[in-house]
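Novice: model this:
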Amino acid sequence: MSQISSQFTRPVYSHSGNNGTLGWLTTGMVAICATLMLALGIGPGLLITVGLLLILGYGLLCWYHPAVAIGLIVCISAFSEVEKRNYDPISQIEYSLQASLQTTFRGPPVMPLEMMMLAVAVVWFVRRSRGDIPKVPIFGAYSKIVWLLVAGLVWGYVWGVFLRGGGDAIVGLWEARAVAHLLVVTFLAGQLIRTEDGWRRLAQALMVVTGIVALKIILRSALYIGRIEGIDESSFDHNNVLFFNFFFIFGLAYLFFKPKVRWSGIWWAIYFTLLPFIIIADVLVQRRSGFGSLGLALVTLLVLGARWKPKTMIMVALATVIFVSGYFAAFWNTSSPILAQPIRAVKSLVEPDIRDFLSNQYREIEYFNLMETLNSSPVLGIGFGQEFLFVKAMPNISGWPFWRYTPHNEVVWLWLKLGLFGFIVFWLVMLTSAYRGIKLFWTRNTSMSLGPLFLAAICANVMQVFFAWIDQGYSQTRSMLWLAPLLALVCYWQITEKGKQVQK
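Specialist: Below is the predicted model:
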């Protein structure tokens with residue numbers, strides 16, 4: 001026990017004199033290269049210089065602050081919204097940023113974000129070998145399960161592209177990479193972030209980025225879209241609602257279960273400044289899946305929180321039911337597009353407007369085709385890079401290059417691509433993280449300040465599952481990188497017993 005305890009009390013990142021020399025040497029090389037490139041001219045030379053500076057600067061960040069480097073990957077991905085319409089200056093910037101970081105379809109095979117992950121991974125390996133970083137168990141609570149999931153991803157690709165025949169190797173790579181990103185960033189975050197301050201700062205940074213995304217949505221809507229009726233499926237990334245909902249749920253979790261060590265007043269000033277913008281943006285994006293996932297997350301919060309505050313949770317549940325019932329009764333037939341947005345998640349099922357009717361109809365046909373494809377190969381699946389069957393004709397949305405590969409229901413899609421074994425392993429990984437999160441939250445002496453974050457992380461996982469049932473949730477890098485550090489937190493955090501950290 002003493003050996004394990006001492007292992008976790010040693011400095012996570014030690015800086016020797018050699019590291020300092022390396023830093024000065026690298027900085028000097030950057031200055032020399034910048035001078036030479038600028039001498040070539042202010043055109044391509046300047047662009048090369050800027051690119052070189054960014055690469056070397058990120059390399060230095062990885063070496064000296066790898067936890068910050070992995071957090072930067074998550075925050076950049078969350079900010080770089082995937083735009084499908086290129087019709088205004090803000091959209092132009094967004095599209096350029098997204099394309100630069102994640103590349104476009106049929107573009108370079110390796111994303112810049114993946115190169116950033118590789119840089120962090122190399123630094124982690126070198127510093128772990130040197131003893132600068134504690135040797136944390138590989139994959140923490142994931143243990144051997146995650147290796148089975150990695151094997152499932154490899155099998156799905158090999159089966160779909162090579163063995164089954166007729167698969168598209170490029171499409172297969174793009175289908176599988178989001179789940180791979182989830183595993184890689186979960187692993188790196190869990191290995192590199194080992195303190196409460198580190199997790200708290202990453203969560204705060206992610207929520208601040210969410211607020212910036214909300215401000216961007218409001219600005220675009222006000223300047224270029226004008227009216228809420230002008231917003232359609234292509235105006236904003238659908239995954240935004242998951243970020244907004246996490247923002248809400250964390251605030252509620254903190255309100256109900258205040259940790260022993262409080263988060264700073266400056267942080268809460270920032271939080272409540274951003275909250276109105278988050279609310280407005282959540283209404284503007286008009287996603288039924290957002291309100292549905294928020295409701296499910298709230299139920300999860302109340303159920304898990306009942307262990308510690310049963311009376312409070314019952315009172316909150318009753319108050320919520322009364323408020324929601326009154327809201328539905330008062331605004332069911334409202335003509336206000338803003339007030340009606342939360343009702344759409346329910347009303348679209350019983351009284352859909354033309355937009356919701358067409359969306360529901362498309363999903364019904366698509367689900368039928370998915371199940372027909374699954375019935376044709378329920379054990380092995382069809383693998384990545386393979387189209388699902390079009391038994392019933394669907395409206396042509398060929399502007400989306402993956403419309404025959406990645407459907408809206410990506411829970412069934414996982415089974416279809418990974419096969420039955422890989423599908424079971426995937427949910428074992430998710431259930432393991434949920435179990436660990438619940439255990440950490442219920443064992444409230446595990447952390448002095450992270451209790452509400454444990455609960456919010458569990459709710460995030462629940463929201464992701466719900467979202468993936470009705471929209472693309474597991475094939476999108478942006479949502480997977482958002483979820484990754486939350487999974488890492490609950491799967492790597494060490495259980496504390498009697499003030500000592502022990503390895504599980």
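Novice: Report the secondary structure element holding S398.
Specialist: Assigned by DSSP states H and E, S398 falls within no helix or strand.
Novice: mind checking the backbone torsions on it?
Specialist: For S398, the backbone dihedrals (degrees, to the nearest 10) come out as phi -70, psi -10.
Novice: measure it to D471 for me?
Specialist: For S398, the distance to D471 equals 19 Å [Cβ to Cβ, to the nearest Å]. All C-beta atoms are positioned from the backbone trio N, CA, C, and that covers glycine.
Novice: Same drill for these two, tell me which one is more crowded.
Specialist: Neighbours per residue (other Cβ atoms under 10 Å) separate S398 from D471, with D471 holding more: 23 against 8.
Novice: Contact partners for that one?
Specialist: Neighbouring residues of D471 by Cβ atoms under 8 Å, 6 or more residues apart in numbering: H238, R287, S289, H408, E410.
Novice: One more: V412?
Specialist: By Cβ under 8 Å, 6+ apart, the contact list for V412 reads Y367, L370, M371, L374.
Novice: Name the nearest residue to the first one, ignoring sequence neighbours.
Specialist: Ranked by Cβ to Cβ, 6 or more residues apart in numbering and with sequence neighbours excluded, the top spatial neighbour of Y367 is N409, at 5.8 Å.
Novice: is it true that the one you found touches I365?
Specialist: No. Checked against Cβ atoms under 8 Å, the pair N409 and I365 is beyond contact range at 11.7 Å.
Novice: re the thing from before, the contacts of D471 in helices, which ones?
Specialist: Assigned to helices by DSSP state H, the following of these qualify: S289, E410.
Novice: Which one of N409 and I365 is surrounded by more residues?
Specialist: Set N409 next to I365 and count neighbours by other Cβ under 10 Å: N409 wins out with 19 against 16.
Novice: what separates that one from P310, distance-wise?
Specialist: 36 Å.
Novice: same check, this time on N461
Specialist: Distance of N461 to P310, computed by Cβ to Cβ: 23 Å.
Novice: For L223, grab the count of nearby residues.
Specialist: Neighbour count of L223, defined by other Cβ under 10 Å: 11.
Novice: what about it, which SS state?
Specialist: Classification of L223 by DSSP: H, G, I helix; E, B strand; the rest coil places it in helix.
Novice: got a pLDDT number for it?
Specialist: pLDDT, L223: 78.
Novice: Reformat the contacts of D471 as a markdown table; add pLDDT, neighbour count and distance to T432.
Specialist: Below are these laid out as a markdown table (pLDDT from 0 to 100; neighbours: other Cβ atoms under 10 Å; distance: Cβ to Cβ, whole Å):
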| residue | pLDDT | neighbour count | distance to T432 |
| --- | --- | --- | --- |
| H238 | 83 | 21 | 27 |
| R287 | 77 | 25 | 29 |
| S289 | 77 | 22 | 25 |
| H408 | 89 | 20 | 27 |
| E410 | 93 | 24 | 20 |
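Novice: Of the contacts of D471, just say which sits nearest to N333.
Specialist: R287 (21.7 Å; Cβ to Cβ).
Novice: Contacts only, for the closest one.
Specialist: R287 makes contact with H238, N240, V241, D471 under the criterion Cβ under 8 Å, 6+ apart.
Novice: How far away from the center of its chain is stretch 260-268?
Specialist: 24 Å (Cα atoms, centre = their mean, to the nearest Å).
Novice: For that stretch, buried residues please.
Specialist: Buried residues in stretch 260-268, counted by 16 or more other Cβ atoms under 10 Å: W263, W267.
Novice: SS state for V379?
Specialist: Per three-state DSSP, V379 ends up coil.
Novice: For it, the count of nearby residues, please.
Specialist: V379: 7 neighbours (other Cβ under 10 Å).
Novice: Same check on F368?
Specialist: Close neighbours of F368, defined as other Cβ under 10 Å, add up to 14.
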